[in-house]
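Asks: curious how this folds, go ahead:
(one chain, ligands or ions: 1)
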Amino acid sequence: MSVYRRALGYFAADRVWIAALVALIGVSICVGLFEAWPLAVLIDSVLTGQPKGDRVHSLFLSILPADTVGQVVGLVLMGMGLHIIGYLAWFGRMMINYHLNYRGTTRVRHDLFRKLQHLGVTYHRSHPQGDAIYRLTTDAFGPWGIMDTVIGTSVAAVTLTVMTAILLSRNVSLTFAAFTVAPFMIWSNWRFGVRIHERALASKQVDADLTSSIQQAMVRVPLAQTYQREAYEFRRFRGAVARSVRALLRLNIQEQLYPLARDSVLAVGGAIILGYGGYLVYRDQFVSPVEGGMTVGLLIVFMDYVRKLWEPLKWLTEFVVKVRIFEAATRRVFRILDTPEAITEAPGAASLPIASRTLVLDRVGFAYRPGYPILHDLCATIRPGEMVAFVGPSGTGKSTLLALMLRLYDPTTGAVRLDGVDLRAARLMDTRGHMALVAQDSLMLPATITANIAYGRPGASRYEIERAAELAGAAAFIDDLPEGYETVLTEGGQNLSGGQRQRLAIARALLTRAPFLILDEPTSALDPHHEQLLLETLRSLRGGRTIVLVTHRLESVVACDQVFVMDAGRVVERGTHHELLERNGHYARMWSGASGPPDARVELEGWRLRHRPRRDGREG
Ligand SMILES: Nc1ncnc2c1ncn2[C@@H]1O[C@H](COP(=O)(O)OP(=O)(O)OP(=O)(O)O)[C@@H](O)[C@H]1O
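Replies: Model (predicted):
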């Protein structure tokens, strides 16, 4: 029950609209019940010249003029009026329905989107993107589905009860005759209505799979070309399209069989009413006339009601299945909303205004999975304005450590502190506001270069943006583009080279006012010329900003104030480049592995910088 209550809670703010909807539904029901009566009154009371004494006839006749022509015209106008009122009520209902649907679903989507944002990397790295998209686009309608089904079924129950009461009050045996088709109506509703619903959902799911498979295939085009797997990729695509077509065909068959079944049952129902009702009219009007007996007008009302039985029976039949489907979608939404967030802000978290601060890694340990630690007992102190580097073999936990500095994860043991404040006790926005990260993959947005650089500081001036681009070594290539800073990047920035993307990512970080610049392999895609430019920029920033560098290019760390050498998740050495060479340990071995024998390394350092092969001085 709590799922239903919670789902309906999304519409609590729309009570007035729901009340208006209920009122309009009431109008629709009344119009539906009275629609056939003007014709019945015309035939039974006006054309015969013998007004019937029952309440409905009396009601109609009381508001009509006394003369026959006036009554005929009045009844025709009433019939038209009822139709128009019925249509207007229907239109109002539909508009309120859409309105409620979109308002409620928008609230669900807002909650879901915010939650997906807060769930952060831990969640997103372990769940496919398509899953989040499906929940946001399709499952988000679940709560409205529940609301709609509850309203629709309640209306159906009321309509059916009132109709049955009216029919019974008119003629009991004909009412039973009318209801002989009800089991067939229920059966065909069950058989087709429910199936259509299920198959429509299945087809939507297959369509979602097709979309995501197309998206993946487009991403893989270069890979497929490189490894000549186009035929394989086409087979995958063909398979996904075939599945979609099969699902649609299965749906279409049911959609076309349904009206056939419905019309057949209605035809049988109409025939029963016409046959048995016709006999009753003949008996009560011609064989042995009886006051209050069956009349032609009443027969028309019966025929109309039998036709109208279909809709409420459909709602009642489908209720359980429909509501279950929407309940399942709603549960999928709530499951995300109820997922505990790995990183949360402590109640009363300390405010940490943006400023240069000392960053301390205090015996930090970390494991992605319990029992499999990546980092062990790691200590480091990074003072304001320093340029430090973490180096070490691939997979030793350097990027993980940077993620801990941004509080994308919390340490399993120990603490990361800014000026002595444990990041877990500080406001999350404040912590992250201190750090500008250039990650290994330079994520670009499908927007202008200006917008890409200014993403972390939307209010930056044109001068500041151009200055950041210049410092990152990106200004020259941007100026060479026909549309310069207004060049629109394609998805993922694929219309730029890897090195150009990397320089834009660096410009983006430089533009922020974050005191810490955290760079994960910032020169991996840069040519020697641009690598040197960047290192000069970093050196010039030293003192103003604290720079934390992760790199495999040891030339980049020569000028660092501290170099932390990591191995298997531990800091095994620390010091300046020269101190570490003196120690002749891990670092010295890494250096000699990269540059030659340790004793030749100082000379080599200068030589390598001078003689590195130049490819294209301007393109990374
Ligand atoms: N999201 C994750 N879930 C589980 N394990 C992970 C995750 N991210 C990284 N790892 C593992 O953690 C270890 C450290 O990875 P990390 O990326 O921090 O290493 P690194 O030193 O930065 O490597 P490289 O120099 O190659 O970038 C690796 O064994 C990696 O497989």
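
Asks: can you give me the strands in this protein?
Replies: With DSSP state E applied, the chain shows strands at 359-369, 372-382, 387-391, 413-418, 421-422, 435-438, 516-520, 546-550, 562-567, 570-575, listed in chain order.

Asks: mind checking which of those strands is nearest the ligand?
Replies: strand 359-369 (3.5 Å; C-beta to the nearest ligand atom). In this view, the C-beta of every residue, glycine as well, is placed from N, C-alpha and C.

Asks: nearest to Met78, of the strands of the chain?
Replies: strand 435-438 (73.4 Å; C-beta to C-beta).

Asks: hmm, back to that, what would the strands of the chain look like in JSON lines with mean pLDDT?
Replies: What follows is the strands of the chain, written out as JSON lines (pLDDT from 0 to 100):
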{"stretch": "strand 359-369", "mean pLDDT": "94"}
{"stretch": "strand 372-382", "mean pLDDT": "93"}
{"stretch": "strand 387-391", "mean pLDDT": "93"}
{"stretch": "strand 413-418", "mean pLDDT": "95"}
{"stretch": "strand 421-422", "mean pLDDT": "94"}
{"stretch": "strand 435-438", "mean pLDDT": "92"}
{"stretch": "strand 516-520", "mean pLDDT": "92"}
{"stretch": "strand 546-550", "mean pLDDT": "93"}
{"stretch": "strand 562-567", "mean pLDDT": "93"}
{"stretch": "strand 570-575", "mean pLDDT": "92"}
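
Asks: now tabulate those in TSV and tack on mean neighbour count.
Replies: Output for the strands of the chain, formatted as TSV (neighbours: other C-beta atoms under 10 Å):
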stretch	mean neighbour count
strand 359-369	18
strand 372-382	17
strand 387-391	24
strand 413-418	20
strand 421-422	18
strand 435-438	22
strand 516-520	23
strand 546-550	25
strand 562-567	22
strand 570-575	18
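
Asks: any chance of those in TSV, plus distance to Gly492?
Replies: Output for the strands of the chain, formatted as TSV (distance: least, C-beta to C-beta, whole Å):
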stretch	distance to Gly492
strand 359-369	26
strand 372-382	28
strand 387-391	27
strand 413-418	31
strand 421-422	37
strand 435-438	16
strand 516-520	18
strand 546-550	23
strand 562-567	30
strand 570-575	35
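
Asks: would you turn these into a markdown table with distance to the ligand?
Replies: Converted to a markdown table, the strands of the chain look like this (distance: least, C-beta to the nearest ligand atom, whole Å):
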| stretch | distance to the ligand |
| --- | --- |
| strand 359-369 | 3 |
| strand 372-382 | 5 |
| strand 387-391 | 8 |
| strand 413-418 | 15 |
| strand 421-422 | 22 |
| strand 435-438 | 13 |
| strand 516-520 | 7 |
| strand 546-550 | 6 |
| strand 562-567 | 7 |
| strand 570-575 | 12 |
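
Asks: what's the closest of those to Ile63?
Replies: That would be strand 435-438 among the strands of the chain, by C-beta to C-beta, at 77.4 Å.

Asks: and the contacts of the closest one?
Replies: Here strand 435-438 makes contact (C-beta atoms under 8 Å, 6 or more residues apart in numbering) with 402, 405-406, 456, 502, 505-506, 508-510, 512, 514, 516-520, 522.

Asks: strands paired with that strand, and their directions?
Replies: Here strand 435-438 is paired, per DSSP bridges, with strand 516-520 (parallel).

Asks: got the CA positions of the strand it pairs with in PDB?
Replies: Taking Å, rounded to 0.1, in the frame of the first residue of the first chain, the C-alpha atoms of strand 516-520 are listed here in PDB:
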ATOM      1  CA  PHE A 516      43.600  23.200  -6.100                       C
ATOM      2  CA  LEU A 517      44.400  22.200  -9.700                       C
ATOM      3  CA  ILE A 518      44.200  18.400  -9.900                       C
ATOM      4  CA  LEU A 519      45.600  17.000 -13.100                       C
ATOM      5  CA  ASP A 520      45.400  13.300 -14.000                       C
END
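
Asks: for the residue nearest to Leu580 when sequence neighbours are not counted, what are its contacts?
Replies: Of all residues not flanking Leu580 in the chain, Tyr587 sits nearest, at 3.8 Å (C-beta to C-beta, 6 or more residues apart in numbering). Contact analysis of Tyr587 by C-beta under 8 Å, 6+ apart lists 391, 563, 565, 573, 577, 580-581.

Asks: can you check Arg457 too?
Replies: 464, 511-513.

Asks: swap in 10 Å and give it another go.
Replies: 436, 464-465, 468, 508, 511-514 (C-beta atoms under 10 Å, 6 or more residues apart in numbering).

Asks: neighbours around Glu491, how many?
Replies: Applying other C-beta atoms under 10 Å, we find 11 residues neighbouring Glu491.

Asks: contacting residues for it?
Replies: Glu491 sits in contact with 218-219, 444-446, where contact means C-beta under 10 Å, 6+ apart.

Asks: of those, keep whichever come out buried.
Replies: Neighbour-count burial (16 or more other C-beta atoms under 10 Å) applied to the contacts of Glu491 gives Met444.

Asks: can I get the contacts of Glu491 in CSV with pLDDT and distance to Leu309?
Replies: As requested, those are arranged in CSV below (pLDDT from 0 to 100; distance: C-beta to C-beta, whole Å):
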residue, pLDDT, distance to Leu309
Met218, 85, 51
Val219, 81, 53
Met444, 88, 60
Leu445, 88, 56
Pro446, 89, 54
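
Asks: kindly report the residues of the stretch 351-500 of the chain close to the ligand.
Replies: By C-beta under 6 Å from any ligand atom, the part of the stretch 351-500 of the chain that sits against the ligand consists of 368, 374, 394-400.

Asks: go again using 8 Å as the cut-off
Replies: 368-369, 372, 374, 392-403, 440 (C-beta under 8 Å from any ligand atom).

Asks: list only those of those flagged as buried.
Replies: So, of these, 374, 392, 396-398, 400-403 end up buried under the neighbour-count rule (16+ other C-beta under 10 Å).

Asks: understood, closing this out.
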